[in-house]
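Asker: coordinates only, sequence not included:
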Ligand code: SF4
């Protein structure tokens, strides 16, 4: 996993609440057995006018010029500014893969759905929650100023606006640690293999049907 | 110290507490399906790892499977490859799978309980958000992403932070004709789709105790639609009667021992919850969703609401988008909405009791001529078999429904069962997101009885008033 320390990135504003994982990556793309190649289908139903299917040449499809991702001023954006309950719905990690494949490194919203939030961590995508008033202010600033960029620093837990205003954010320490170091979670857990075995031995005495029922 | 049911389940599964506020939690049952597992198996293979405890895994293909003629493989090459990949992975790692031609195949959240693979007191995970369903058994059950699927395969554990707790108490009795589906839709309408984000909801109260296991599964299934990671219901006689003598569960003396343990799976009487909500069951009417989020629901006697009357610009904007997508005008009576398609199935409402409820409404009647397609997709092969033994299939077919093979089908339209753009569906599934049932398709979430009633009337109607 790619470590995350800081970026200075262009901001893409997606100003709607409850953006669900079906919207982030529609189901027809979940048939892939790989972790990559989802970027051009991020927000597929909103981004293109015609219905999309896997294996199409997506560069030839008709795009929806009104959708933010298609607007020139937001091209190559790396920071997605979103609204409450972002990533609700299914557990599909494909939603995070699509964002990461597209080039999004940070997503900022007032709140995230739980499973989505967990999935971001496992893919080095930094998800930041900020109070709704600050989010609304950021939306106003981004929409008013083409080329609006934010400096996001995970070491310092700060976001800096183009005018130099510094916004502090809160993130759980274990998340910060894993993101900063790009750590493999499984490897870390396996360091405790002996404790897992010990737990299993105890549990087997207490609840043998969970081990030997069939 | 007093404990909630969630505390008890959590404490019983802590392998170790890390000093950063997370815990290593042991997983007893891992359900696997074809869509969210290929990349996890690939990860295992790349790292040269083996599944930690193969006997905890039960795999089944459901999201992509065709519901028509099963003698033919899936026509879509991508779906075929994904189904084949699950077969190959289960084969090479030595995992139990109910393959597509197995009578026990079906939607993963239907087959787990049906087989006794879900038991009280377990931790149950699956790469699917509706894993919350299994909480109906007093099990701690939640959906996980693919990286976590790999993590559980490799270590039998997950690194988790404990959630907040919330209790929804439903007092009194539900009126006749009002079902578990109506209740959960009304609850989500009340607390909102982010109402319990970061929480585990325990459902309690007289109306919950009176529900069958099928009804309880419907409730917990949609806990995720209220933002909760898990739903929970305490163990009682109904639970024990259901889980006894199922193929994957304990038998004989071990069953007696298990039963003793299971009966303790209740919140202590004075346990503290971070949030409490109380609902009066008698006030619930049959519900119909009108928008593109499960919180956008109205009682059948209601109307499509007006965003102009809503406080909060973001929320009003969300409603406007939803009304536009759904092609609905504020003020329209819910009863005037006319579906084109009827879908009865899914892990929310694809169990035998659901099919019986729909068949009761339909018996001896015909679907309205305006209905273009009416589908019944049983939740599993065993549900289908049971329904056929009871003659339900004939009731549906006589009315003009198609009787299909089990799978997720039009709940998420990954296979070829999907809405055409602009079509409107009365659906017993759990999500009405844009495009969920097919690009441009419009979903109205309802109970099986309400879907059946709409099929007959050609528009939504209070099933209690259908003669
Ligand atoms: S029936 Fe629908 S909600 Fe349930 S597992 Fe299948 S796709 Fe998911």
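Answerer: All right, it came through fine. This is a predicted model, so every value here is computed, not measured. Numbering: from 1, shown residues only, chains lettered A, B, ... in the order given.
Asker: show me the helices in chain A, by range?
Answerer: Remark: helices assigned in chain A by DSSP state H are A:21-24, A:44-47, A:94-102, A:114-121, A:132-144, A:173-181, A:185-190, A:193-206, A:209-212.
Asker: and the ligand, which of these is closest to it?
Answerer: The ligand lies closest to helix A:21-24 among these, at 10.5 Å (C-beta to the nearest ligand atom). (C-beta placed from N, C-alpha, C; glycine too.)
Asker: just send the helices of chain A back as a markdown table, with distance to residue B:193 and mean pLDDT too.
Answerer: Shown next, in a markdown table, are the helices of chain A (distance: least, C-beta to C-beta, whole Å; pLDDT from 0 to 100):
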| stretch | distance to residue B:193 | mean pLDDT |
| --- | --- | --- |
| helix A:21-24 | 13 | 96 |
| helix A:44-47 | 19 | 96 |
| helix A:94-102 | 16 | 97 |
| helix A:114-121 | 12 | 95 |
| helix A:132-144 | 16 | 97 |
| helix A:173-181 | 24 | 93 |
| helix A:185-190 | 28 | 91 |
| helix A:193-206 | 36 | 97 |
| helix A:209-212 | 34 | 90 |
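Asker: distance to chain B and mean neighbour count added to those, as CSV?
Answerer: As requested, the helices of chain A are exported to CSV (distance: least, C-beta to the nearest C-beta, whole Å; neighbours: other C-beta atoms under 10 Å in any protein chain shown):
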stretch, distance to chain B, mean neighbour count
helix A:21-24, 4, 26
helix A:44-47, 5, 21
helix A:94-102, 7, 25
helix A:114-121, 4, 25
helix A:132-144, 8, 16
helix A:173-181, 4, 16
helix A:185-190, 4, 18
helix A:193-206, 4, 13
helix A:209-212, 4, 16
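Asker: centroid-wise, who is the farthest residue in chain A?
Answerer: The C-alpha centroid of chain A is most remote from residue A:205, which lies 41.4 Å away (C-alpha atoms, centre = their mean).
Asker: for it, what are its contacts?
Answerer: Residues near residue A:205 by C-beta atoms under 8 Å, 6 or more residues apart in numbering or on different chains: none.
Asker: near the ligand, which residues of chain B are found?
Answerer: Listed as neighbours of the ligand in chain B under the rule C-beta under 6 Å from any ligand atom: B:62-63, B:107-109, B:128, B:130, B:346-347, B:408, B:411-412, B:429-430.
Asker: if we go to 8 Å?
Answerer: Residues of chain B lying close to the ligand by C-beta under 8 Å from any ligand atom are B:33, B:62-63, B:107-109, B:128-130, B:221, B:345-348, B:350, B:379, B:407-409, B:411-412, B:414, B:429-431.
Asker: kindly list the longest strand within the chain.
Answerer: With no chain named, the answer covers chain A. The longest strand of chain A (DSSP state E) is strand A:6-13.
Asker: that's the other chain; I wanted chain B
Answerer: Looking across chain B with DSSP E, the single longest strand is strand B:164-171.
Asker: now that one, how far from the centre of its chain.
Answerer: Centre-to-centre, strand B:164-171 and its host chain are 19 Å apart (C-alpha atoms, centre = their mean, to the nearest Å).
Asker: work out the sheet partners of that strand and label each with its direction, please.
Answerer: Sheet partners assigned to strand B:164-171 using DSSP bridges are listed as strand B:199-204 (parallel), strand B:275-280 (parallel).
Asker: circling back to that earlier point, which one of the helices of chain A lies closest to residue B:19?
Answerer: Minimum separation from residue B:19 across the helices of chain A (C-beta to C-beta) falls at helix A:173-181, 9.3 Å.
Asker: hmm, residue B:80 is touching residue B:74, no?
Answerer: Yes - when contacts are counted by C-beta atoms under 8 Å, residue B:80 is listed as touching residue B:74 (4.7 Å).
Asker: neighbour count: the two, which is higher?
Answerer: Ranked by neighbour count (other C-beta atoms under 10 Å in any protein chain shown), residue B:80 and residue B:74 place residue B:74 first, with 21 against 15.
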